[in-house]
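*Asks:* Test case, fold it:
(chains A, B, C and D)
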Number of protein chains: 2
Amino acid sequence: MPWEKQFDIDETLEKAGETFWAHGYEATSMSRLLKAMGIQKGSFYNAFGSKHEVYLRTLDQYAQQRLGELRELTRGKAAVAALRAHFDALYEDCISPQGHRGCMLLNCALETAHQDRQAQALVKKGLANHEKILHDLILEGQKTGEIDRNLDAGATAKTMMALVMGMRVYSRSGSDPQAVRTLADQAIRLVTPTDART
Amino acid sequence: MPWEKQFDIDETLEKAGETFWAHGYEATSMSRLLKAMGIQKGSFYNAFGSKHEVYLRTLDQYAQQRLGELRELTRGKAAVAALRAHFDALYEDCISPQGHRGCMLLNCALETAHQDRQAQALVKKGLANHEKILHDLILEGQKTGEIDRNLDAGATAKTMMALVMGMRVYSRSGSDPQAVRTLADQAIRLVTPTDART
DNA sequence: TCCGGTTTGTACCGATCGGTCAATACTCAT
DNA sequence: ATGAGTATTGACCGATCGGTACAAACCGGA
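*Replies:* Have a look, this model is predicted:
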């Protein structure tokens, strides 16, 4: 093996991902992308093939990372506590300085996915994974009796997904953090007995 | 007045709006835009000034139209019936052949708004208008007793907005119509007494 | 030390980007 | 009929688009 790469593939993909995340696909030009990645054109095309290919890889990488973080966050917690942790973390992320980037999967869903089948597949899978985690948590909570067994777990999980999306949209469009907080609270109320509410 | 325009401004803006709506801002090139509008470059710049200006105008036009349709749809109906009509219409729109275009305001919110203050202002105003209509309907329902008076009207309106966003995202990312239907149903359940549910 | 194979930097590609402009087509008031 | 003044046209602009080609730089093995 005559010569090893002068840059770390994953690290470089990470930088690319952040750029796509912040600016979207179309608004990220090659020059901007290369500057962010810190490599030259030749290296880029040699290592990755095309802008679009890199986009898909960063999208996939993003989905995997978020999925991992979510699993980590909820591991070992009781259902409602796990959901609470999830929505609290999401709220913090939304109001943080980088919160304006929103969720890369959602950005992609609305900007790119409808005319890019491969991106659409990644988005669908990412959303489905997220929804399944929420669904499983609700089912588990119902099994232990934490959560009302009459609740439609599937529909509630979808509603929670909608609330997640709402939080992302409100925060990305520059709304009052209070609006985002309200949605997070509403998500928890969905799985909290009515008589326990303040 | 020496010569009148050979094309109808509003009609042409309409066509431009549909193109931006379907493809987003960045992915809509001038050539594509001009072809859709059916005019030449010179006429375009003479009449409108710039691509960006046209984008803002179509965005505003879209928001006004949707607001009008929404007011029309709910006029004279009782609160819950009005909400039902709203979410039913939204569902139909989502699963219709053009449903993949989603909501132009949301598309803009995630693609453009975070780096375009003027677009962001339009999005914020559009979302606020929509939310206010839902909010007012809920308040009215509570006044007449249709809707539980203990419900937090503001939070519920925001939740409904999130459900709207969820419906748009799910449908634009190519999901099963059933997912969209579920979210619409959940919206109505928010303002329906628990014991009246099936 | 030189060779084989790989990576890297950069010049360059045609296409297209959003936008300008001068010439032309046109209508109306005089 | 003519001149004022606007609308339209299409050639043209420099910049930038994503992508390619290729020579120089580099390394490990012989």
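*Asks:* and the nearest residue to residue A:159 once chain neighbours are set aside, how many residues sit next to it?
*Replies:* Of all residues not flanking residue A:159 in the chain, residue B:186 sits nearest, at 4.8 Å (CB to CB, 6 or more residues apart in numbering or on different chains). All C-beta atoms are positioned from the backbone trio N, CA, C, and that covers glycine. Per other CB atoms under 10 Å in any protein chain shown, the neighbour tally for residue B:186 reads 22.
*Asks:* What distance do you get for residue B:186 to DNA strand D?
*Replies:* 40 Å (CB to the nearest atom of the strand, to the nearest Å).
*Asks:* can I assume that residue is in contact with residue B:163?
*Replies:* Yes - using CB atoms under 8 Å, residue B:186 is in contact with residue B:163, at 6.1 Å.
*Asks:* circling back: need the per-residue pLDDT for the residue nearest to residue A:159.
*Replies:* The per-residue pLDDT reported for residue B:186 equals 97.
*Asks:* Can you name the helix or strand that it falls in?
*Replies:* helix B:177-190 (DSSP states H and E).
*Asks:* Give me the buried stretch members for that helix, please.
*Replies:* Within helix B:177-190, the residues that count as buried by 16 or more other CB atoms under 10 Å in any protein chain shown are B:179-188, B:190.
*Asks:* Number of residues surrounding residue A:163?
*Replies:* If we define neighbours as other CB under 10 Å, then residue A:163 has 28 of them.
*Asks:* CA atoms only: put the helix or strand hosting it into CSV for me.
*Replies:* Using DSSP H and E, residue A:163 sits in helix A:153-172. Presented in CSV, the C-alpha positions along helix A:153-172 are these (Å, rounded to 0.1, in the frame of the first residue of the first chain):
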residue,chain,number,x,y,z
ALA,A,153,-50.0,3.5,21.1
GLY,A,154,-49.5,3.8,17.4
ALA,A,155,-51.4,6.9,17.0
THR,A,156,-49.8,8.5,20.1
ALA,A,157,-46.3,7.7,18.7
LYS,A,158,-47.3,9.4,15.4
THR,A,159,-48.6,12.4,17.3
MET,A,160,-45.4,12.6,19.2
MET,A,161,-43.5,12.6,15.9
ALA,A,162,-45.7,15.4,14.7
LEU,A,163,-44.8,17.3,17.9
VAL,A,164,-41.1,16.7,17.2
MET,A,165,-41.6,18.1,13.7
GLY,A,166,-43.5,21.0,15.1
MET,A,167,-40.7,21.8,17.6
ARG,A,168,-38.2,21.7,14.7
VAL,A,169,-40.2,23.9,12.4
TYR,A,170,-41.1,26.5,15.1
SER,A,171,-37.5,26.8,16.2
ARG,A,172,-36.0,26.9,12.7
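*Asks:* quick one: it to helix B:177-190, angle?
*Replies:* 80 degrees (axes from the mean of the first three to the mean of the last three CA atoms, to 10 degrees).
*Asks:* Contact partners for residue A:131?
*Replies:* A:157-158, A:161 (CB atoms under 8 Å, 6 or more residues apart in numbering or on different chains).
*Asks:* Out of these, which end up buried?
*Replies:* Here, 16+ other CB under 10 Å leaves A:157-158, A:161 buried among these.
*Asks:* Please report how far the closest residue to residue A:36 other than its chain neighbours lies from residue A:43.
*Replies:* Once flanking residues are discounted, residue A:36 sits nearest to residue A:19: 4.4 Å by CB to CB, 6+ apart. Distance of residue A:19 to residue A:43, computed by CB to CB, to the nearest Å: 16 Å.
*Asks:* When those two are compared, which one has more neighbours?
*Replies:* When residue A:19 and residue A:43 are compared for neighbours, residue A:19 comes out ahead with 20 against 16, by other CB under 10 Å.
*Asks:* Name the helix or strand for that one, please.
*Replies:* helix A:9-23.
*Asks:* Just the CA atoms of that helix, as CSV, please.
*Replies:* Output of helix A:9-23 as CSV, limited to C-alpha atoms (Å, rounded to 0.1, in the frame of the first residue of the first chain):
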residue,chain,number,x,y,z
ILE,A,9,-12.7,10.1,5.6
ASP,A,10,-15.2,10.0,8.4
GLU,A,11,-14.0,13.3,9.8
THR,A,12,-14.3,14.9,6.4
LEU,A,13,-17.8,13.5,5.9
GLU,A,14,-18.7,15.0,9.3
LYS,A,15,-17.7,18.4,8.1
ALA,A,16,-19.6,17.9,4.9
GLY,A,17,-22.6,16.8,6.8
GLU,A,18,-22.6,20.0,8.9
THR,A,19,-22.5,22.1,5.8
PHE,A,20,-25.4,20.3,4.2
TRP,A,21,-27.3,20.4,7.4
ALA,A,22,-26.9,24.1,7.8
HIS,A,23,-27.5,25.2,4.2
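*Asks:* buried stuff in that helix?
*Replies:* A:12-13, A:15-23.
*Asks:* Contacts for that helix next, please.
*Replies:* So helix A:9-23 is contacted by A:28, A:32-33, A:36-39, A:47, A:54-55, A:57-59, A:61-62, A:101, A:104, A:107, B:115 (CB under 8 Å, 6+ apart).
*Asks:* quick revisit: so what sits against both of residue B:186 and residue B:163?
*Replies:* Between them, residue B:186 and residue B:163 share the contacting residues A:159, A:162, judged by CB under 8 Å, 6+ apart.
*Asks:* Can you give me the distance of residue A:156 to residue A:165?
*Replies:* 15 Å.
*Asks:* So for these two, which residue has more residues nearby?
*Replies:* residue A:165 (29 against 21).
*Asks:* hang on, isn't the more buried one packed against residue B:169?
*Replies:* Yes - the criterion here is CB under 8 Å, and residue A:165 meets it with residue B:169 at 5.2 Å.
*Asks:* Give the residues shared as contacts by these two.
*Replies:* residue A:106.
*Asks:* so what's the residue nearest to residue A:159 up against?
*Replies:* Contacts of residue B:186 (CB under 8 Å, 6+ apart): A:155, A:158-159, A:162, B:163.
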